[in-house]
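Q: Could you work out the structure for the sequence below:
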Amino acid sequence: MDADERRRGILETARRSGSVDVGELAADLKVSRETVRRDLNLLERHGLVRRTHGGAHPVESAGFETTLAFRTTMHVPEKARIAAAAAQLLGDAETVFIDEGYTPQLIAAALPRDRPLTVVTSSLATAGALASSENISVVLLGGRVRGGTLATVDHWATRMLSGFVIDLAYVGANGISREYGLTTPDPAVSEVKTQVLKAARRRVFSGVHTKFGVASFCRFAEVTQFEAIVTDTGLPASEAHRYSLLGPEVIRA
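A: Numbers count the residues shown, from 1 in each chain. As a prediction, this is how the structure comes out:
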C-alpha cells in the first residue's frame, strides 16, 4: 500500500465510522503513529478531515454528507442538551421553523405542548413526530425529498417559504466558521436555508462543537445574522467568546 492508498483508506474509514483514532490506525495499517499524524494533517489541509485530540473526523463536503440515520448515533447526549437549551429560547414565538437534521428534530421534541404553535419544517421526520400533537399545527414544505436526510428541497420548498413570515427559525448547518459563516454541501439545501433566513424575524443556530471551524461547499448565512448560537461545552469558552463578538449570544449547554 502506497501513501495515497493509505490516505484514501483512512478517509474511507473516517467517513464510515464518523471518526478515526491515531493509535488504532497505526496498528491496523502497520505504520508509525507519526506517519498517521502526517497523513491526517495532509487530509486536513485538503479540507477532508478535521483533526481532534488523538484522531480526526470527516468534514462534510460537496461529495460527502452523512445521513440522518448516522447522525442519530453521534454526540447524542450533547445534541440533547443543545436541543433543550435551544427550546428555552422560544419566547413568545407563535410560528417556528425547524430545519432538517437530528438536532433540530430534538428541538422540535423539546418544544412546549401547552400552547398553540405553528411549526414549518422541511423534515419529514419532524413533521411525522409532531403531527399528532394537539396544540401544534404542522406545515411540511413541499419538494423533492433527499433520501439521506429525509428533507424537502428545490423550488417547491423555497416558493412556499417566500410567502411566510416566521417568528423564529431554528437553523442547522454542516459547518460554521467566523470567516465563512454557515455552510452546507448541497446547493439545493443552501437555497432552502437562505429563504428561511429571509422569512424569519429571529434566527437561532444549533450544532455540536465539531461543526465549528468547518467550511463546506455552499455558504448560506453569516454568523452576524443570528441572535443566538447554541452548542455544547466541547467548544472552548475562548472560541465561543470570539463568535459572540460577531453579535450572537453563544450558549454552551
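
Q: all contacts plus neighbour counts: C-alpha atoms, from now on.
A: Noted.

Q: For the residue sitting nearest the centre point of the chain, identify the helix or strand it belongs to.
A: In the chain, the residue lying closest to the centroid (Cα atoms, centre = their mean) is Ala173, at 3.7 Å. Under the criterion of DSSP states H and E, Ala173 resides outside all helices and strands.

Q: list the contacts for it?
A: 182-184, 205, 207, 211 (Cα atoms under 8 Å, 6 or more residues apart in numbering).

Q: Okay, and which of those residues map to helices?
A: Using DSSP state H, the subset of the contacts of Ala173 located in helices is empty.

Q: Let me know the closest of the residues you listed to Pro77.
A: Gly207 (12.3 Å; Cα to Cα).

Q: what secondary structure does Ile176 sit in?
A: The three-state label given to Ile176 by DSSP: H, G, I helix; E, B strand; the rest coil is strand.

Q: ugh, wrong one, Ile251
A: Classified using three-state DSSP, Ile251 is strand.

Q: From Thr52, how far out is it?
A: Note on Ile251: its distance to Thr52, by Cα to Cα, to the nearest Å, is 22 Å.

Q: and what of Ala151?
A: For Ala151, the distance to Thr52 - Cα to Cα - is 30 Å.

Q: All the helices of the stretch 101-250 of the chain, in order from the start?
A: 102-110, 124-130, 155-161, 187-199, 237-244 (DSSP state H, counting those that start in this stretch).

Q: Please identify the deepest-packed of those.
A: helix 102-110 (a mean of 23; mean count of other Cα atoms under 10 Å).
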